[in-house]
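using only what follows, build the 3D model:
(2 chains)
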Protein chains: 2
Amino acid sequence: MAYAAGIDIGGTTIKLGLFTDTGVLKDKWEIPTRTEENGKYIFSDIADALLSKLNTMDLGLSDLVGVGVDVPGAVLPDGTVNKCVNLGWGVIRAGDMLSEALGGIKTAVCNDANAAALGEAWRGAGNGADSMCMVTLGTGVGGGIILNGKIVEGAFGACGEVGHIPYNDDETESCGCGKKGCVEQYASGSGIARMCRRKLVSDGRDSSLRGYDAPDAKIIFDEAKKGDAVALELVDDFSKVLGKTLAIISAVIDPELFVIGGGVSKNGPIVTEGIQKYFRKYAFHASRDARIELATLGNDAGMYGAVHLVLGE
Amino acid sequence: MAYAAGIDIGGTTIKLGLFTDTGVLKDKWEIPTRTEENGKYIFSDIADALLSKLNTMDLGLSDLVGVGVDVPGAVLPDGTVNKCVNLGWGVIRAGDMLSEALGGIKTAVCNDANAAALGEAWRGAGNGADSMCMVTLGTGVGGGIILNGKIVEGAFGACGEVGHIPYNDDETESCGCGKKGCVEQYASGSGIARMCRRKLVSDGRDSSLRGYDAPDAKIIFDEAKKGDAVALELVDDFSKVLGKTLAIISAVIDPELFVIGGGVSKNGPIVTEGIQKYFRKYAFHASRDARIELATLGNDAGMYGAVHLVLGE
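Sure, this is the predicted structure:
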């Protein structure tokens, strides 16, 4: 049997997955990300980790058909990584460098949000979906678009920048991107917490949320599930922003499926149910039956996408 | 030399183009669309028109490698036309029927807005663009998305429904699609005229627009060019809606180029200049340099796209 590796390189940890060449995950583990000296040890650390693992399985490099990696930064169409600030990398040929550390093995590189979308489309909630939009609700709002089973990168590498869809002209605070009124300012984990802070100031009502120093997304969803009226309104506002955003995406690219991932999605069906309600209100009639589902691969989505990329069709 | 035909079937006229198989337009002409008896004569009318034209050039059916047609309705992935109300067609296999009328010739069928987008991407303003979004500003607002040089249809046939992107939650009048606040209600020819009627009621200022019974888009743009303050504001409002809409599209699919076509685009560079101004304000920084250009093929765009479809890569 032949194997391949899918590797998700993050700013703190590197997640490694060893897969069969038919895409079955056999083992997964993590190593710390060494970012010192411009992240130069990352390649040899990955090579060492893979070789030790293969060794424990009585396997060697010749059993590995390829290694796919995803990185927290932009990747150009030719595979060049265009800076990963969190890793200390400038403009580098990460695939070539990893290949060199692993005896010339075949490699593939892509952006982490795109890898997660591809992983979910292939083996997660998408289960082989042909067209899908993944929306990742974490500290920010990320996204990835899959068409014909493949990642769409965009002419400027900005395809699926769902978090930076302009949403509200009246916003006074700035988004991390420099604009004002982006979707991310309302629908990310930090966005919901921000809207909560605002509401607890402007709204005089009693609320269980006032019992917390700084209610985060989890607390807000938990209190909404318990019936707190203010928390329920915050969840409804969040649902409206995202439901309308998915309707916008449908009118542009019309996918069969939306997959909601990231930390905020761990609050469960309350997330997709709320989004669905507003999606059906705002979507063009033809697209109203597009499915909206929770991601199923969690933190493994990136390694699935990365290995799929190197395994090809 | 071999030839191919590109045919744009509209509700009133059928536009025919005879092309070389390298995509050079040799001749174009029109025939009326006979919609009686559920449009059953359309296929034989096209066949007769093509055969007479070939005859005048001392050519015959054997010189024709294929016929591409576009239709004013939805086309399913297998080529089935899913109703064309304006032609009297129900669910029919238009490509097969045209092929039958032309001795079994190879045919291809697509939706008219998508054909126009493909034509502009191939031989018009796109000039071979790999990724493009076409926005057609007519009575309504249509659109088409081209990625990797090909039309994207969407899972529900609704890809590029730019006119029905939700834009304004506070709208009180309904869009033709049944929703309220769609882009089309502000940025189509009839949308600009509607905004003008509203403004002339709510705004007490004198304006040259008051000299017209029912100012349409052309009058509004003409008066703006002459410096009328109210007309200039209407053009600015229109530019903001479209500039923001293109920024939204960029954050989803990030094309290298936007092409603005349809009747309203005939008002010239004032249209793209205004859109550009707001696009740069609202677009995510990576995509801010996407080009915005006027369509160049006019009413021929559909026949170019249709013939490209049957000629293939």
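
skipping adjacent residues, who's closest to A:Tyr278 in space?
Leaving aside its sequence neighbours, A:Tyr278 sits nearest to A:Gly243 (CB to CB, 6 or more residues apart in numbering or on different chains; 2.4 Å). C-beta: built from backbone N, CA, C; applies to glycine.

for the one you found, which three-state class applies?
Of the three states, A:Gly243 takes helix under DSSP: H, G, I helix; E, B strand; the rest coil.

and the pLDDT for it?
Per-residue confidence (pLDDT) for A:Gly243: 98.

burial count for it?
When neighbours are defined as other CB atoms under 10 Å in any protein chain shown, A:Gly243 has 23 of them.

residues contacting it?
Counting by CB atoms under 8 Å, 6 or more residues apart in numbering or on different chains, A:Gly243 touches A:Gly274, A:Ile275, A:Gln276, A:Lys277, A:Tyr278, A:Phe279, A:Arg280, A:Lys281, A:Tyr282.

residue contacts, A:Ala117?
By CB under 8 Å, 6+ apart, A:Ala117 lies in contact with A:Met132, A:Cys133, A:Met134, A:Gly143, A:Gly144, A:Ile145, A:Ile146, A:Ile151, A:Gly160, A:Val259, A:Ala301, A:Gly305.

let's see it at 10 Å
Shown in contact with A:Ala117 (CB atoms under 10 Å, 6 or more residues apart in numbering or on different chains): A:110-111, A:124, A:126, A:132-136, A:142-146, A:151-152, A:160, A:259, A:261, A:295, A:301-302, A:305.

among those, which are in strands?
Among these, DSSP state E puts A:110-111, A:132-136, A:142-146, A:151, A:259, A:261 in strands.

isn't A:Val163 up against A:Gly189?
To be clear, residue A:163 is Gly; Val isn't right here. No - the pair A:Gly163 / A:Gly189 is not scored as a contact, 11.5 Å apart, by CB atoms under 10 Å.

list residues touching both of these two?
Each of A:Leu137, A:Gly138, A:Gly140, A:Val141 lies in contact with both A:Gly163 and A:Gly189 under the rule CB under 10 Å, 6+ apart.

how far away is the residue nearest to the first one when sequence neighbours are not counted from chain B?
Just to be clear, that refers to A:Leu137. Of all residues not flanking A:Leu137 in the chain, A:Val264 sits nearest, at 3.6 Å (CB to CB, 6+ apart). Distance, A:Val264 to chain B, by CB to the nearest CB, to the nearest Å: 19 Å.

gap between A:Ala217 and A:Ser188?
Counting by CB to CB, to the nearest Å, the separation of A:Ala217 from A:Ser188 is 8 Å.

could you do A:Thr13 as well?
Distance, A:Thr13 to A:Ser188, by CB to CB: 22 Å.

so which residues of the stretch 1-150 of chain A form strands?
Under the criterion DSSP state E, counting those that start in this stretch, the stretch 1-150 of chain A contains strands at A:3-9, A:13-20, A:25-32, A:64-71, A:74-75, A:81-84, A:89-92, A:107-111, A:132-137, A:141-147, A:150-151.

chain B contacts on the stretch 201-313 of chain A?
Counting by CB under 10 Å from any CB of the partner chain, the stretch 201-313 of chain A comes close to chain B at A:240, A:243-245, A:247-257, A:278, A:281-291.

and the residue of the stretch 101-250 of chain A closest to chain B?
Chain B sits closest to A:Gly154 of the stretch 101-250 of chain A, with a gap of 2.8 Å, by CB to the nearest CB.

what ranges does the stretch 101-250 of chain A have for its helices?
Applying DSSP state H, counting those that start in this stretch to the stretch 101-250 of chain A gives helices spanning A:112-123, A:184-187, A:189-202, A:217-225, A:229-253.

most tightly packed of these?
Most buried of those by mean neighbour count (mean count of other CB atoms under 10 Å in any protein chain shown) is helix A:112-123; its value is a mean of 29.

and that helix, C-alpha only, in PDB?
Extracted in PDB, the C-alpha atoms of helix A:112-123 (Å, rounded to 0.1, in the frame of the first residue of the first chain):
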ATOM      1  CA  ASP A 112      -4.900  27.100   4.700                       C
ATOM      2  CA  ALA A 113      -8.500  28.400   4.300                       C
ATOM      3  CA  ASN A 114      -8.600  26.900   0.800                       C
ATOM      4  CA  ALA A 115      -7.200  23.600   2.000                       C
ATOM      5  CA  ALA A 116      -9.900  23.400   4.700                       C
ATOM      6  CA  ALA A 117     -12.600  24.100   2.100                       C
ATOM      7  CA  LEU A 118     -11.200  21.400  -0.200                       C
ATOM      8  CA  GLY A 119     -10.900  18.900   2.600                       C
ATOM      9  CA  GLU A 120     -14.500  19.500   3.700                       C
ATOM     10  CA  ALA A 121     -15.700  19.300   0.100                       C
ATOM     11  CA  TRP A 122     -13.900  16.100  -0.500                       C
ATOM     12  CA  ARG A 123     -14.300  14.100   2.800                       C
END
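
pipe the contacts of A:Gly243 into JSON lines and attach distance to B:Thr33, pLDDT and neighbour count per row.
Shown next, in JSON lines, are those (distance: CB to CB, whole Å; pLDDT from 0 to 100; neighbours: other CB atoms under 10 Å in any protein chain shown):
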{"residue": "A:Gly274", "distance to B:Thr33": "47", "pLDDT": "98", "neighbour count": "22"}
{"residue": "A:Ile275", "distance to B:Thr33": "43", "pLDDT": "98", "neighbour count": "25"}
{"residue": "A:Gln276", "distance to B:Thr33": "42", "pLDDT": "98", "neighbour count": "20"}
{"residue": "A:Lys277", "distance to B:Thr33": "43", "pLDDT": "98", "neighbour count": "13"}
{"residue": "A:Tyr278", "distance to B:Thr33": "41", "pLDDT": "98", "neighbour count": "21"}
{"residue": "A:Phe279", "distance to B:Thr33": "38", "pLDDT": "98", "neighbour count": "25"}
{"residue": "A:Arg280", "distance to B:Thr33": "36", "pLDDT": "97", "neighbour count": "16"}
{"residue": "A:Lys281", "distance to B:Thr33": "37", "pLDDT": "97", "neighbour count": "14"}
{"residue": "A:Tyr282", "distance to B:Thr33": "35", "pLDDT": "98", "neighbour count": "23"}
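
that's all I had, so thanks and see you.
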